[in-house]
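Visitor: when you get a sec, could you give me coordinates for this:
(2 chains)
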Protein chains: 2
Amino acid sequence: MTQPIDFYFDFSSPYGYFMAEKIDALAAAHGRSVRWRPFLLGAVYKHTGSRLMLDAPLKGPYVFRDFERTAAFYGLPWVLPQPFPVGTQVAARAFYWLLDQDEAMARRFALDIYRAYFAQGRDISQEAVVADVAAAVGADRAALVDALAGEAIRTRLKDECARAIDKGVFGSPYVIVDGEPFWGVDRIPQIERWLETGRF
Amino acid sequence: MTQPIDFYFDFSSPYGYFMAEKIDALAAAHGRSVRWRPFLLGAVYKHTGSRLMLDAPLKGPYVFRDFERTAAFYGLPWVLPQPFPVGTQVAARAFYWLLDQDEAMARRFALDIYRAYFAQGRDISQEAVVADVAAAVGADRAALVDALAGEAIRTRLKDECARAIDKGVFGSPYVIVDGEPFWGVDRIPQIERWLETGRF
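Guide: Numbers count the residues shown, from 1 in each chain, chains lettered A, B, ... in the order given. A predicted model of the protein is given here:
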């Protein structure tokens, strides 16, 4: 029962941002740690044939309202960034580069990338923004920029996305506790129930 | 602030069933009444180009797990009925026929249809089952069967579905409070917040 919680998310996912602000405290309250695992929703949607909710008739306008309301519900800062959504491969690659050096630093970076995007409205698809956020949590900026130009980190992210799909991840956020999958920040009450009881 | 709450649902929607078990008490706790409004998800999906979650890769297997877990979370009986999903036009037409006679009876019928399907596993696509459930809440069975054979009740349901789409309804359950839309039973905490504060 002391298995870490797996937290899958795309950096361009508002509900992933809300979960990112909650998951560590939620886990810690039950003696659990969290493995943060960014992936690319685009890669998953390619696999599942899904489309972005934002593009759907009726549902599209609804979700923008729901983003704002859900942020308020959790007491979190919220701006609708422009552009939205954005490609998050640079941020995700940077995360895994950091993870291999220092897991705590990678986690701070992930949360700060989310805040840069959804609280400050900065364009996190830009390498310069990603590098700035990484440097601010103590990373070697020049070494990161160098790594981002290489092939290894691209392959690493591709592998991580494939692994996420293998685990059944089809959306963001997606949380796995003891093999039990929970999709969406609105499953927090059910995650809490699971952490308390070890079952549903 | 004493406007009724609009509750849109498809009788084949598990999350609609969970909401049906909760919405009246939730509304009553804040001095509100509820207008129950069944519609056909098929008609909405035709309009929005959506597809059933059940058919989606990865998401499909997940939702069956989530149905069961969410039922347990709310302390509600649950069986996965066979067949599932089913067409719900007969049940929805019967509802509107009842509604024009007795709103309270129509609401009892709606809840009992949901329970017949998701708690008892009865096939609610069958007219005989629908008529039995209606008779059990006091409806005139023969008159209902007669009405179900006519054109008027078909047109009525078509109109109700068109009206739901006009209101922005794209899924089940869909709840509108003071013009604010909430999609999904997992929005109950946000509905409660709205009912308490009149805003988010």
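
Visitor: and the helix or strand of chain A with the lowest mean pLDDT, what does it pack onto?
Guide: Within chain A, confidence by mean pLDDT, DSSP states H and E is lowest for helix A:41-48 among all helices and strands, at a mean of 89. Judged by 3 or more Cβ pairs under 8 Å, 6 or more residues apart in numbering or on different chains; DSSP states H and E, the packing partners of helix A:41-48 are helix A:152-166. C-beta here means a position set from N, CA and C on the backbone, and glycine is covered the same way.

Visitor: what's the next secondary structure element after the helix it packs on?
Guide: From helix A:152-166 onward toward the C-terminus, using DSSP states H and E, the following helix or strand is strand A:174-177.

Visitor: next SSE after that following strand?
Guide: Stepping forward along the backbone from strand A:174-177, the first helix or strand reached (DSSP H and E) is strand A:180-183.

Visitor: figure out how far that next one is from the centre of its chain.
Guide: With Cα atoms, centre = their mean, to the nearest Å as the basis, the distance from the averaged C-alpha position of strand A:180-183 to the chain average is 15 Å.

Visitor: given that strand, what are its sheet partners and their directions?
Guide: Sheet pairing of strand A:180-183 (DSSP bridges) gives strand A:174-177 (antiparallel).

Visitor: give me the buried positions along the least confident helix or strand of chain A.
Guide: Neighbour-count burial for helix A:41-48, counted by 16 or more other Cβ atoms under 10 Å in any protein chain shown, picks out A:41-44, A:47-48.

Visitor: what's it in contact with?
Guide: By Cβ atoms under 8 Å, 6 or more residues apart in numbering or on different chains, the residues outside helix A:41-48 that reach it are A:10, A:12-13, A:50-52, A:87, A:158, A:161-162, A:164-165, A:169-172, B:56-59.

Visitor: buried members of these into ChimeraX, please.
Guide: Buried residues within these, as defined by 16+ other Cβ under 10 Å, are selected in ChimeraX through the command that follows:
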select /A:10,12,13,50,161,164,165,169,170,171,172 /B:56,58,59
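
Visitor: next SSE downstream of the least confident helix or strand of chain A?
Guide: Beyond helix A:41-48 toward the C-terminal end (DSSP H and E), the next one is helix A:59-73.

Visitor: now find how far off-centre that following helix is within its chain.
Guide: Its chain's C-alpha centre and that of helix A:59-73 lie 18 Å apart, by Cα atoms, centre = their mean.

Visitor: cool, and stretch A:146-163?
Guide: If you compare the mean C-alpha spot of stretch A:146-163 with that of the full chain, they lie 16 Å apart, counting by Cα atoms, centre = their mean.

Visitor: swap in stretch A:106-122?
Guide: For stretch A:106-122, the distance between its averaged C-alpha position and the chain's averaged C-alpha position is 10 Å (Cα atoms, centre = their mean).

Visitor: cool, and stretch A:101-121?
Guide: Centroid separation between stretch A:101-121 and its chain, computed with Cα atoms, centre = their mean, is 9 Å.

Visitor: give me the residues contacting it.
Guide: For stretch A:101-121, contacts defined as Cβ under 8 Å, 6+ apart pick out A:11-12, A:14, A:16-17, A:20-21, A:24, A:34, A:36, A:38, A:71, A:76-82, A:86, A:91, A:94-96, A:98-99, A:122-124, A:129-130, A:133-134, A:136-139.

Visitor: pLDDT at the residue nearest to A:L76 when sequence neighbours are not counted, what is it?
Guide: Sequence neighbours aside, A:E21 is the residue nearest to A:L76 in space, at 5.6 Å (criterion: Cβ to Cβ, 6 or more residues apart in numbering or on different chains). The predicted local confidence for A:E21 comes out at a pLDDT of 98.

Visitor: and A:E21, helix, strand or coil?
Guide: helix (DSSP: H, G, I helix; E, B strand; the rest coil).

Visitor: okay, now it: neighbour count?
Guide: Here the neighbour count serves as a burial measure; for A:E21 (other Cβ atoms under 10 Å in any protein chain shown) it reads 20.

Visitor: surely it and A:G75 touch.
Guide: No - counting by Cβ atoms under 8 Å, A:G75 is not a contact partner of A:E21; they are 9.2 Å apart.

Visitor: so which residues on chain A come close to chain B?
Guide: A:44, A:47-50, A:56-59, A:61-62, A:65-66, A:68-70, A:72-73, A:165, A:168-171, A:180-181, A:183-184, A:186-187, A:189-190, A:193, A:200 (Cβ under 8 Å from any Cβ of the partner chain).

Visitor: ok, now with 7 Å
Guide: Counting by Cβ under 7 Å from any Cβ of the partner chain, the residues of chain A lying close to chain B are A:47-50, A:56-59, A:62, A:69, A:72-73, A:168, A:170, A:181, A:183, A:186, A:190, A:193, A:200.

Visitor: give me the low-pLDDT residue ranges for chain A?
Guide: Within chain A, the stretches with pLDDT under 70 are A:1.

Visitor: the helix or strand containing A:L144 packs against which elements?
Guide: A:L144 belongs to helix A:141-148 when assigned by DSSP H and E. For helix A:141-148, the elements it packs on are helix A:89-99, helix A:127-136, judged by 3 or more Cβ pairs under 7 Å, 6 or more residues apart in numbering or on different chains; DSSP states H and E.
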